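In: How does the following fold in three dimensions:
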Amino acid sequence: MTTTASHVVLGGNGVIGRETLRALCELGERPASVGRRPSTLTGVHPVVIDLLRASDVSRALRGADVAYLTAGLPYSSRIWAEQWPVIVDNTIAAATEHGTHLVYFDNVYAYGLVDGVMTETTPRAPQSRKGRVRADALKALDHAATRGLTVTVGRSADFYGPAASTSVFNTFALDRIRAGRTGTWLFDADQPHSLTYTPDIGKALAILGTTAAGCGQTWHLPTAPALTGRQYIELAAGTEARTAVMGSATMRLGALFNPAAREALEMAYQNTNPYVFDSSSFERSFGVSPTPIASGIAESLAATRTR
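Out: Numbering: from 1, shown residues only. Alright, predicted model coming up:
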């Protein structure tokens, strides 16, 4: 199916895609939501395609001014290595063919372990399989930019928020707290760890796609100051709340039987060391402030209660 929308969100059924679509609708756009199944959001144009098929992606981007690549994949290094390069290459080819501005949503995996604060100038030094996949995608985007493609990168820290079912914080802390259980943090609950609120991500990506300022650059999306895992859980469950910690020994034992635990182990450095993400450049440039952590947690818990 060919869209006639100016703004096309690839991966519109995922949490970041939905937040981006909502933000675009609030700006008066009628964006297209592209995915394997039709979007149920009001005010969007649903388009059903397979991002792994180049011809499908080309049809989806025909006539689009801006495309937002927000798609997610199952948390598997093997699947990422097999499918993410295909999705990125298909999107690059389609955006180049149609002269579409590509807004690429990224994470921090390509940075690897950072000694200090993560900024837009932090060098890429991936030390995980998933990090190398993301770094290779950025190389492909850099190369495409030299051939005329306009690419803007919006990067977030680990995210959380309403309906963020793939978020570690949602899954291990907020969902458990809502069920009357003890909130859990992975590896070390006393290290500072930045978390980005998903509605803030959607609004920031929409800004990058609808304003000329910052076009073609890399931006860290609005993120509140880092807290420790223990502080996050106390905000969610009360200052007297206990924090359960799933340590390395437990994760290694779980990895013998659980693929998700094996995937989490290679990213353990993000929780055993300070993980501090600076978004001040975006905030100053666009006059946007991140949602306070207490408000974001309250909204996320309310959404969990609704579900």
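In: quick one, strands of the stretch 1-150 of the chain?
Out: Ranges of strands within the stretch 1-150 of the chain are 7-10, 32-35, 45-48, 66-69, 101-106, 117-118, based on DSSP state E, counting those that start in this stretch.
In: same thing with the stretch 151-300 of the chain?
Out: Under DSSP E, counting those that start in this stretch, the stretch 151-300 of the chain gives strands at 151-155, 159-160, 184-186, 192-193, 196-197, 218-220, 227-228, 244-246, 276-277.
In: mind checking how far the residue nearest to residue 175 when sequence neighbours are not counted is from residue 41?
Out: Nearest non-adjacent residue to residue 175, counting by CB to CB, 6 or more residues apart in numbering: residue 304, 6.0 Å away. Just so you know, the C-beta spots here come from the backbone N, C-alpha and C atoms, and that holds for glycine as well. In this view, residue 304 and residue 41 are 20 Å apart by CB to CB, to the nearest Å.
In: Go through this protein and flag its longest helix.
Out: For the chain, the helix with the greatest residue count under DSSP state H is helix 77-98.
In: who's residue 67 bridged to?
Out: Beta-bridge partners recorded for residue 67 (DSSP bridges): residue 8, residue 102.
In: Can we start the residue count at 59 from this point?
Out: New numbering, starting at 59: the last item is residue 125.
In: ok, it - how many residues close by?
Out: 27 (other CB atoms under 10 Å).
In: With residue 260 instead?
Out: Taking other CB under 10 Å as the neighbour definition, residue 260 ends up with a count of 27.
In: got it, and residue 206?
Out: Residue 206 has 8 neighbours, counted by other CB under 10 Å.
In: Quick one: residues contacting residue 333.
Out: The contact partners of residue 333, taken as CB atoms under 8 Å, 6 or more residues apart in numbering, are 172, 176, 215, 216, 249, 250, 251, 252, 284.
In: Contact partners for the residue nearest to residue 291 when sequence neighbours are not counted?
Out: Nearest non-adjacent residue to residue 291, counting by CB to CB, 6+ apart: residue 241, 3.9 Å away. Residue 241 is in contact with 230, 231, 232, 234, 235, 291, 294, 295, 299, 301, 302, counting by CB under 8 Å, 6+ apart.
In: quick one: pLDDT of residue 241?
Out: pLDDT recorded at residue 241 is 95.
In: any idea how far it is from residue 163?
Out: With CB to CB as the criterion, residue 241 and residue 163 are 27 Å apart.
In: Report how far apart the opening and closing residues of stretch 275-288 are.
Out: 35 Å (CA to CA, to the nearest Å).
In: give me the low-pLDDT residue ranges for the chain?
Out: For the chain, applying pLDDT under 70 flags the ranges 59-63, 313, 363-365.
In: now the helices for the stretch 159-308 of the chain?
Out: Counting by DSSP state H, counting those that start in this stretch, the segments of the stretch 159-308 of the chain that form helices are 187-204, 226-227, 233-236, 256-268, 287-295, 306-313.
In: Which strands and helices lie in contact with the last one?
Out: For helix 306-313, the contact count by 3 or more CB pairs under 8 Å, 6 or more residues apart in numbering; DSSP states H and E identifies helix 317-323 as packing neighbours.
In: what's the closest of the helices of the stretch 159-308 of the chain to residue 95?
Out: helix 256-268 (19.5 Å; CB to CB).
In: elements contacting the closest one?
Out: Counting contacts by 3+ CB pairs under 8 Å, 6+ apart, helix 256-268 is packed against helix 73-84, strand 124-127, strand 159-164, strand 209-213, strand 217-218, helix 338-344.
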